[in-house]
Structure formats: C-alpha cells, structure tokens
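[1] got a predicted model here, sequence first, then my questions.
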Amino acid sequence: MIYSRTCQYALWALLELAREQGTDGKGWIKAEQVAQNLGLPFPMTAKVLQMLVHAHILDSVRGPTGGFKLRLSPEKIRLLDVVLAIDGPELFDRCALGLPNCDEDNPCPVHNSWAPIRDQLMELLKKTTLADLLKSWSPQVAKRVAEGFRPV
C-alpha cells in the first residue's frame, strides 16, 4: 500500500458511511457501527473519523442521536483530499529512497524514474472520488474487509 494503514481505514470508513447514509444523505452513523461493520478496532475507527472531521470531510454530532456523516456528497470527495488529510503531502514531496537532499538539482538514483510515477499517482487520486469507489462497495465487500482484518 502506498499510504498508511490509518489512511486505508479512513477510506474504508468513508465508504461505509456513504453506504450506510444512502442516497438521501440523512442520518448520523455511530463510530461503533462503522467499526463493527468493518471489523476494525473501535478506538482507531473513532480516531480516524475525528481526523476526517478536522479535515472538513465529515460532520459530527455528539450525543445519543449523534454520530458522523459526510459533509459533502461522495462525488465531491476526492481520494487526494483523504490522503492529504490523513497522511499529509509527504508522499508527493519526499524522496522515494528517503534521502533528505533529493531534488531536481541533486537527484537520488531513482528520482527521475519516481517523479513521473508520483505525478501519475497524484493525478489518479485527484480524479478518483469516493463515488467512483462506492460503485463497487457493498455490505459483502465490507464483510470481506472485516474477515480479512488482522491487527498489527
């Protein structure tokens, strides 16, 4: 995976929230429900959801009738926004080998090969939305996620 496990959880949680909310976009979904549906640890799920609230991707309301819901429609949430919110821009800024002084003037051995791949990845994440992924996200997919989850 090119991004962190936290970012992976964020994408899964967003997909599950979008699926649970349905087309009307109404209703607040509890963090516990998202964690249970995906088979993820509740503390990590709650943390990821709060990160998405701080990034203005989700709204949240406390209390017995509260929960989380998408702030924007799935068509307006780009994968790039999620990756930047959770992992930051480092994936697109740092050297592929982790060298501190890698740039156009002082390239590492893979700099010229990595740069176009990094740019293609950014383009893919820019043009792909949550709605694109949601087309193949279903309760069965969420169940496979839950069955395949192995805590690290």
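    In hand now; what should we look at?

[2] now the strands: where do they sit in this structure?
    Secondary structure of the chain (DSSP state E): strands located at 58-61, 67-70.

[3] pick the most buried one from those strands.
    When you average the neighbours per residue for each of the strands of the chain (mean count of other C-beta atoms under 10 Å), strand 67-70 leads with a mean of 21. (C-beta placed from N, C-alpha, C; glycine too.)

[4] packing partners of that strand?
    helix 5-21, helix 31-38, helix 42-54, strand 58-61 (3 or more C-beta pairs under 8 Å, 6 or more residues apart in numbering; DSSP states H and E).

[5] what sits up against it?
    With C-beta atoms under 8 Å, 6 or more residues apart in numbering as the test, strand 67-70 has contacts from 14, 17-18, 21, 25, 27-31, 33-34, 49, 52-53, 57-61, 77, 130.

[6] quick check: PyMOL command selecting the buried ones in these.
    One line in PyMOL is enough to select the buried ones among the contacts of strand 67-70; burial here means 16 or more other C-beta atoms under 10 Å:
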select buried, resi 14+17+18+21+28+29+30+31+33+34+49+52+57+58+60+77+130
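
[7] low-confidence ranges, this protein, go.
    For the chain, applying pLDDT under 70 flags the ranges 1, 22-26, 138-152.

[8] specify the residue positioned farthest from the middle of it.
    residue 105 (33.2 Å; C-alpha atoms, centre = their mean).

[9] so how far is residue 111 from it?
    Residue 105 sits 10 Å away from residue 111 when distances are taken as C-beta to C-beta, to the nearest Å.

[10] likewise residue 44?
    Distance from residue 44 to residue 111, by C-beta to C-beta: 34 Å.
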